[in-house]
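Colleague: any chance you can model this:
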Amino acid sequence: MEKGDSEKIQDHLPVVFWDKASEKLLKWKNPENFTDKIHDLRVLGKKLRALYYFFQPLLGKDFVKGEKQKVKKAMSDLGAVRDSHVFLNIYRKIEQQYPKLILPKTLKPLLESRSQQLEQDPMLGIDKGLGTQKYLALAMDRILAAREKLLKMIAAKPFSKQLALERMKKGLEAVKKAMKKAQKEGSADSFHRWRIKTKRFYYHLSLCWHGNGSKELEKIVKKFKQLEQHLGQAHDFYLLTSFISSSHPGDLRDGEKDAFKEFLLLVGKLQEEEEKEALCLAKKLMDRGLEETIEKIFNP
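Modeller: Below is the predicted model of the structure:
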């Protein structure tokens, strides 16, 4: 064997490395509960989109662009249903954790009505003859088909350690850049964009952990999960505030108007707390020498 061939082999992980790691990351349990199924299906879609980004040099830009759009469409059409479930969960938690807070009398019926309406008809530009259950089945078929297609595309194909390392470094740099922008602007939009980059990188770390399995990497994966959860909760609070502000009746009595005002102030405060927690955790993570840890994944 010539020297060049030897170096080429050493630069590649076993061809099944990425196959097995990807299968573990994209595992589908098919929960029976309607709410859980919507949530898990959207998570699977986000994992797929993260892997399209990671394996783009292997898959090609045209393939990635086409598949990302298909998965995004299937996910987004279920987004409003998912949000309505989240809004009700937030309301119930606040109701339990702040028993002295005077809640708006019309808010719970408003949120319940919205959720029930969406479960009957998503109203998301799809065929009006389809109810949410049927549309969910259709979206699930599309996303699971995309999953199988991706796994076949990467099956037993070499992907160099150097190329994988470059993708990881590029992903981390995107997280850092988005974090700095969120810290500077402080807007809900900038924090949401940071969350998108963070979630994508979290899935990349998880992919590597499924293949690598080191304790050090597992700790970092857990920290990034906490980070994206803080950012996700902050965004959910923002979405709830936006929904209430645009949906509650304008002709309210003074008492009900004050109750809405207090509720929105509390939700805004909770959003800010989650954003602060995210920034604090991110600083600790970035100070831990992440670049060196990522390097060790592929060059132990």
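
Colleague: centroid-nearest residue for this structure?
Modeller: Lys199 (5.1 Å; Cα atoms, centre = their mean).

Colleague: now that residue: closest residue in space, sequence neighbours ignored.
Modeller: When the adjacent residues along the chain are set aside, Lys199 lies closest to Glu228, with 4.7 Å between them (Cβ to Cβ, 6 or more residues apart in numbering). The C-beta positions use only the backbone N, C-alpha and C, and glycine is treated the same way.

Colleague: give me the pLDDT value at the one you found.
Modeller: If you check Glu228, the pLDDT there is 96.

Colleague: only C-alpha atoms, please: export the helix or strand containing Lys152 in PDB.
Modeller: Secondary structure assigned from DSSP states H and E places Lys152 in helix 132-154. What follows is helix 132-154, C-alpha atoms only, in PDB (Å, rounded to 0.1, in the frame of the first residue of the first chain):
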ATOM      1  CA  THR A 132     -55.400  17.500  11.500                       C
ATOM      2  CA  GLN A 133     -55.300  13.800  12.200                       C
ATOM      3  CA  LYS A 134     -55.200  13.000   8.500                       C
ATOM      4  CA  TYR A 135     -52.800  15.700   7.800                       C
ATOM      5  CA  LEU A 136     -50.500  14.500  10.600                       C
ATOM      6  CA  ALA A 137     -50.400  11.100   9.000                       C
ATOM      7  CA  LEU A 138     -49.500  12.700   5.700                       C
ATOM      8  CA  ALA A 139     -46.800  14.800   7.200                       C
ATOM      9  CA  MET A 140     -45.400  11.800   9.100                       C
ATOM     10  CA  ASP A 141     -45.200   9.800   5.800                       C
ATOM     11  CA  ARG A 142     -43.300  12.600   4.200                       C
ATOM     12  CA  ILE A 143     -40.800  13.100   7.000                       C
ATOM     13  CA  LEU A 144     -40.200   9.300   7.500                       C
ATOM     14  CA  ALA A 145     -39.700   8.900   3.800                       C
ATOM     15  CA  ALA A 146     -37.100  11.800   3.900                       C
ATOM     16  CA  ARG A 147     -35.500  10.000   6.800                       C
ATOM     17  CA  GLU A 148     -35.100   6.700   4.900                       C
ATOM     18  CA  LYS A 149     -33.800   8.600   1.800                       C
ATOM     19  CA  LEU A 150     -31.100  10.400   3.800                       C
ATOM     20  CA  LEU A 151     -29.900   7.200   5.500                       C
ATOM     21  CA  LYS A 152     -29.700   5.500   2.100                       C
ATOM     22  CA  MET A 153     -27.700   8.500   0.700                       C
ATOM     23  CA  ILE A 154     -25.100   8.300   3.400                       C
END
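
Colleague: in the helix or strand that it is followed by, what counts as buried?
Modeller: Per DSSP H and E, helix 132-154 leads on to helix 161-185 as the next helix or strand towards the C-terminus. Of the residues in helix 161-185, those buried under the neighbour-count criterion (16 or more other Cβ atoms under 10 Å) are 163-165, 167-168, 171-172, 174-176, 178-179, 181-183.

Colleague: stretch 105-112 too?
Modeller: Neighbour-count burial for stretch 105-112, counted by 16+ other Cβ under 10 Å, picks out 107, 110-111.
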